[in-house]
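**Q** Here's a sequence, model it:
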Amino acid sequence: MLPMMKRNASFGWMPAIMSEFFNEFPAACEVRSNNPAINVQEDKDGYHLDFAVPGVTKDEASVELTKEGNLLVKIESKKQSEQKSNDGKQWLRREFSYQKYDQLFTLPEDVESDGITASVADGILSILLPKKAEEPQPESRRIAVN
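**A** Residues are numbered from 1 along each chain as shown. Below you'll find the model as predicted:
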C-alpha cells in the first residue's frame, strides 16, 4: 500500500475546515511526477526507447534531433479533471493537470540519425534509433617488401 500524503493545510485563501476536509480523502492527495518511466533496449538493428505517457497524444509529444546531434524529447500535456455533479452540488475544488517534460539524450556514435522514428500508441511513446550499417573491416594481408 502506498503511503498517503497530506496536503499543506495552509491554503491561505480557503478556510481551515476546507483544508482539513480535503486531507481526509486520498484521491485529493495524489502524488504526480512529470518524469515518465523509460525502458531502453538494444538489438542488432538499433536502440528502442519506450516512455510511459498515459493519455498523451502525438500532438503533445515532440522528438527532435538537435544540431549538435542529440535527441530532445518533449512532452507537454494539459488535462482537466472532469468532475461533474448531477445532483446540483457546486464543486469547491477541481484538479487541473499540466505536465511538461524535456530530456536531452546523447546518441551513441553508431546511430543512423536519418532513420530515427517515433510513434505514440496505448500510452507509450516509442522511439527507434536504428544502427548504422556495419562497414566491412579490411582483412589483414601481407605486403611484399621489395
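**Q** CA only for contacts and neighbour counts going forward, please
**A** Fine.
**Q** Let me see the ranges of the helices in the chain.
**A** Secondary structure of the chain (DSSP state H): helices located at 16-23.
**Q** Show me the shaky parts of it.
**A** For the chain, the stretches flagged by pLDDT under 70 are 1-34, 79-86, 91, 93-97.
**Q** how about a cut-off of 90?
**A** 1-35, 54-55, 77-101, 133-144, 146 (pLDDT under 90).
**Q** buried set for stretch 105-113?
**A** By neighbour count on 16 or more other Cα atoms under 10 Å, the buried set for stretch 105-113 is 111, 113.
**Q** Contacts for it next, please.
**A** Contact with stretch 105-113 is made by 46, 65, 69, 70, 71, 72, 129, 130, 131, 132, as judged by Cα atoms under 8 Å, 6 or more residues apart in numbering.
**Q** Return the residues in contact with the first one.
**A** Residues in contact with residue 46, defined by Cα under 8 Å, 6+ apart, are 111, 128, 129, 130, 131.
**Q** Dump those to CSV, plus distance to residue 146.
**A** Compiled in CSV, those are given as follows (distance: Cα to Cα, whole Å):
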residue, distance to residue 146
111, 43
128, 52
129, 49
130, 46
131, 43
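**Q** so what's residue 78 bridging to?
**A** Beta-bridge partners recorded for residue 78 (DSSP bridges): residue 98.
**Q** sorry, back to before: which of the contacts of stretch 105-113 ranks first by neighbour count?
**A** Compared across these, residue 129 has the highest neighbour count, 24 neighbours, by other Cα atoms under 10 Å.
**Q** for it, what are its contacts?
**A** Counting by Cα under 8 Å, 6+ apart, residue 129 touches 46, 47, 48, 111, 112, 113, 115, 116, 117.
**Q** ok, now residue 99?
**A** Taking Cα under 8 Å, 6+ apart, we find residue 99 in contact with 34, 75, 76, 77, 78.
**Q** Dump the residues you listed to a markdown table, plus distance to residue 101 and neighbour count.
**A** Converted to a markdown table, these look like this (distance: Cα to Cα, whole Å; neighbours: other Cα atoms under 10 Å):
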| residue | distance to residue 101 | neighbour count |
| --- | --- | --- |
| 34 | 6 | 14 |
| 75 | 5 | 22 |
| 76 | 6 | 16 |
| 77 | 9 | 18 |
| 78 | 12 | 11 |
